[in-house]
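**Q** Model the following, please.
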Amino acid sequence: MNHELRPEPLYQIVMESILQQVKTGQLKATERLPSESDLCRIYSVGRNTIRRAISELVNQGVLRTVPGVGTFVVDNRLDKTAEYLFGFTQEMQLHGRKVTSKVLEAKIIPADTFLSRRLQIQLGGEVVFLYRVRLMDDEPTAIERAYLPHKLFPGLLKYDFSMLSLYEIISSVYGKRPDHADQVIEASLATSEVANLLDLTLPAVILVFHRETHLMNGQVIELVDSELRGDRFRFYTTLQLHSMTDEFSFRRLPHPTESDANPY
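**A** Presented below is the predicted three-dimensional model:
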């Protein structure tokens, strides 16, 4: 590693290199770093420089050192609930994070056959389309494409959704409080477009969401397709066994036929 043209202290150069590898996913959460001797060889520096760089990153919460075992990348993924219906803004604020958005598109589009059926509106009816990159502490972490019936939210696009919460506006201004939602979550590989928007290095794993949000009376008020960075979130839920223990047993289920398949 050539240090001659770099004015920073050597330990800072090493720090920046390791930090960049963590941010780009070259060093993944819980992954162990190479040994001190290997790092000395990789960066062409002495042990004191490596130890100073690691110590600084430990203090920043990026790394943790386990005596006698090694130094590991800290798992800083946020726990995101799969049980409760939160808007992205509200949930991340519960974690003390600042949420902003970059609005890529905000317009009225005609409902095609799919949107007409899912939003329960007539074919060609007006649909609010809101396409945003969600930033957490100024870092792009999620992409959202939301579709809402315009007749329920006339004038919705006059609001600045680069700073405002969509759920807060539809609840407080329009009196349409989201009550429950059907949601599918799956893992996928990021496309080049998604990787570019989320500042990812390919190949990269993302979490893909498909959500249908309802009012208490069952009326659909929103469809959302989202992609979240897989290195920033993990999901938790509380599971409860409703059957009595002695009534419960594991059993092999038959393979579903085509007629049994989920049409989603």
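**Q** Okay, now the unreliable bits of the stretch 51-200 of the chain?
**A** Judged by pLDDT under 70, the stretch 51-200 of the chain has its weakly predicted residues at 75-98.
**Q** all helices for it, in order.
**A** 88-94, 113-119, 166-172, 192-198 (DSSP state H, counting those that start in this stretch).
**Q** between those helices, which gets nearest to residue 221?
**A** With respect to residue 221, and counting by C-beta to C-beta, the nearest of the helices of the stretch 51-200 of the chain is helix 166-172 at 7.0 Å. For the C-beta atoms, the positions are set from N, CA and C on the backbone; glycine is no exception.
**Q** Show the contacting residues for the residue nearest to the spatial centre of the chain.
**A** Centroid-nearest residue in the chain, with C-alpha atoms, centre = their mean: residue 228, separated by 2.8 Å. Taking C-beta atoms under 8 Å, 6 or more residues apart in numbering as the criterion, residue 228 is in contact with 80, 141-143, 206-207, 209.
**Q** Same question for residue 108.
**A** 126-129, 150, 157.
**Q** So residue 206 belongs to a helix, correct?
**A** No. Using DSSP: H, G, I helix; E, B strand; the rest coil, the assignment for residue 206 is strand, not a helix.
**Q** Quickly list the domain ranges of this structure.
**A** For the chain, the structural domains run 10-73, 78-236, going by automatic domain parsing.
**Q** Between the two ends of the shortest one, how far is it?
**A** Think domain 10-73. Taking C-alpha to C-alpha, to the nearest Å, domain 10-73 runs 21 Å from one end to the other.
**Q** just how off-centre is it within its chain?
**A** Here the centre of domain 10-73 is set off from its chain's centre by 26 Å, with C-alpha atoms, centre = their mean, to the nearest Å.
**Q** And stretch 111-131, by the same measure?
**A** 26 Å.
**Q** what about that stretch, start to end distance?
**A** Using C-alpha to C-alpha, the end-to-end distance of stretch 111-131 comes out at 16 Å.
**Q** With stretch 197-206 instead?
**A** 12 Å.
**Q** Report the buried residues of it.
**A** Within stretch 197-206, the residues that count as buried by 16 or more other C-beta atoms under 10 Å are 197-198, 200, 204, 206.
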